[in-house]
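how would this look folded up:
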Amino acid sequence: CATNGVNENEVSEEEPRPLIGNPEMPYPPEKEPEVGDILHMPTGLYVTQAQMMASALDQRIIYVGETHDSPAAHRFQLDVLKAMVERYPGEVVLGMEVFIPKQQAVIDKWVAGELDEPSFLRQSQWFKVWRADFAYYRELLEFARDNRIPVRGLNVEKALVRAVGSNPPDQLSEEQRQQLPDMSFVDPYQQAMVEAVFSGHGPGGKHVEGFKRVQVLWDQTMAENMVDYLQSPEGKGKRMMVVAGGHHVRYGYGIPRRVFNLMPTSYTVLGTREIVIPEEKQHQIMDITMPRFPMTAYDFVKHVVYETLPSKGVKLGVMFNMVEGGLKINQVIPESNAALAELQVDDLISHIDGVVMKDLYDIKYLLEKKSMGDSAQLQLTRNDEVIEVVV
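Just a heads-up that it's a prediction; the model follows:
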């Protein structure tokens with residue numbers, strides 16, 4: 001009789017076999033993880049970072065999940081990208097959730113070294129498209145630029161996200177439907193994740209269904225954009241590292257499975273797990289009970305501290321509106337730097353340190369570069385008179 005393999009009767013749903021162990025952690029590790037430990041989840045064995053790289057980088061696609069506001073997660077991504085470039089010079093491309101294809105021309109200019117940081121942030125509309133502090137991604141993108149590593153925008157435009165979250169596909173306009181990816185590829189594990197996230201949070205109902213559609217939209221769009229590039233003449237033979245939020249890659253049911261459905265190829269999933277949560281980060285932890293999944297969350301996971309970005313920048317101490325000609329002050333905060341410099345309501349700030357105030361980005365970027373004790377020279381108009389004020 002046959003002793004190798006599995007016959008159909010052994011895996012039928014009608015005769016389920018007893019489950020041995022925990023599919024999410026089939027081999028419990030020999031000790032509790034410490035900060036810096038890297039665990040190979042399928043085997044329960046701890047490895048060095050060099051051992052992880054030696055194994056993981058054999059695959060064509062490396063997914064690196066992130067907690068968006070975790071500096072340690074982004075340092076881990078940079079470590080992986082550096083290792084990929086060292087092993088496969090000229091063959092690596094970086095795919096990023098934070099960008100959309102509409103930004104590609106500006107991204108290409110950044111990688112070519114044609115834009116400084118302020119120009120890149122302004123032209124890419126960073127604070128409108130992604131909004132997170134650029135400091136989380138600065139080192140990764142600087143490394144890509146300095147080493148001429150192609151960067152691809154993978155995500156979907158926010159206007160379409162809002163439309164899909166509010167309406168099922170058959171209620172969208174024809175123009176909106178033309179922008180949709182294949183929305184039929186629905187994964188039960190992903191759906192269960194969304195339901196868990198919404199349980200006990202918000203009114204549920206149509207909001208849950210809307211976010212299920214949005215999750216499919218996000219993951220399918222990013223998968224299709226990846227495949228389109230990797231199958232193009234430009235992407236042929238390339239290896240891609242993908243950086244995206246953990247929910248998009250963890251357990252493999254988001255982007256990874258969708259890419260494999262479109263283009264079967266080798267891949268691995270890496271990520272971080274925050275095991276030390278400082279007091280100032282406690283409010284960021286979601287109080288939900290996730291379902292148990294029949295697979296490991298990652299192939300390799302690094303255990304880290306949930307850090308906070310070092311405090312930076314200064315505040316001017318005014319509330320304002322963007323108007324033609326600059327920033328019009330509508331409130332001066334008492335005892336602030338602006339109050340001490342005797343700025344007034346209705347002052348129109350046209351320049352700071354010689355930089356024209358064209359939009360909110362200009363003042364945000366300049367103030368983030370300042371430190372306590374620094375000064376700034378403001379040019380403003382007050383009662384039709386142009387004056388200069390040092391703050």
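
tell me the contacts of Ala338?
Neighbouring residues of Ala338 by CB atoms under 8 Å, 6 or more residues apart in numbering: 316-318, 329, 332, 391. (C-beta placed from N, C-alpha, C; glycine too.)

Can you tell me which of those residues end up in helices?
Among those, DSSP state H puts none in helices.

Now the worst-scoring helix or strand of the chain on mean pLDDT: buried residues?
The helix or strand of the chain with the poorest confidence is helix 360-368; it has a mean of 80 (mean pLDDT, DSSP states H and E). Residues of helix 360-368 classed as buried: 361-363, 365-367 (neighbour count, 16 or more other CB atoms under 10 Å).

ditto for stretch 151-168
151-156, 160-161, 163-165.

same check, this time on stretch 42-58
For stretch 42-58, by 16+ other CB under 10 Å, it's 46-47, 52-53, 56-57.

got the contacts of Ala338 as CSV, with neighbour count, pLDDT and distance to Leu39 columns?
Putting the contacts of Ala338 into CSV (neighbours: other CB atoms under 10 Å; pLDDT from 0 to 100; distance: CB to CB, whole Å) gives the following:
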residue, neighbour count, pLDDT, distance to Leu39
Leu316, 24, 88, 46
Gly317, 19, 89, 47
Val318, 23, 90, 49
Ile329, 22, 93, 53
Val332, 21, 93, 53
Val391, 20, 90, 50
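
Let's have those in TSV, adding distance to Val197.
Shown next, in TSV, are the contacts of Ala338 (distance: CB to CB, whole Å):
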residue	distance to Val197
Leu316	37
Gly317	38
Val318	38
Ile329	41
Val332	42
Val391	44
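
what's around the closest residue to Ala223 other than its chain neighbours, how many residues?
Sequence neighbours aside, Arg258 is the residue nearest to Ala223 in space, at 3.6 Å (criterion: CB to CB, 6 or more residues apart in numbering). Arg258: 26 surrounding residues under other CB atoms under 10 Å.

Mind checking what secondary structure Arg258 has?
Following DSSP: H, G, I helix; E, B strand; the rest coil, the label given to Arg258 is helix.

Show me the longest helix that occurs in this protein.
helix 206-230.

Packing partners of the following helix or strand past that one?
Heading C-terminal from helix 206-230, the first helix or strand you meet, by DSSP states H and E, is strand 239-245. On a contact count with 3 or more CB pairs under 8 Å, 6 or more residues apart in numbering; DSSP states H and E, strand 239-245 meets strand 61-66, helix 71-87, strand 92-96, helix 206-230.
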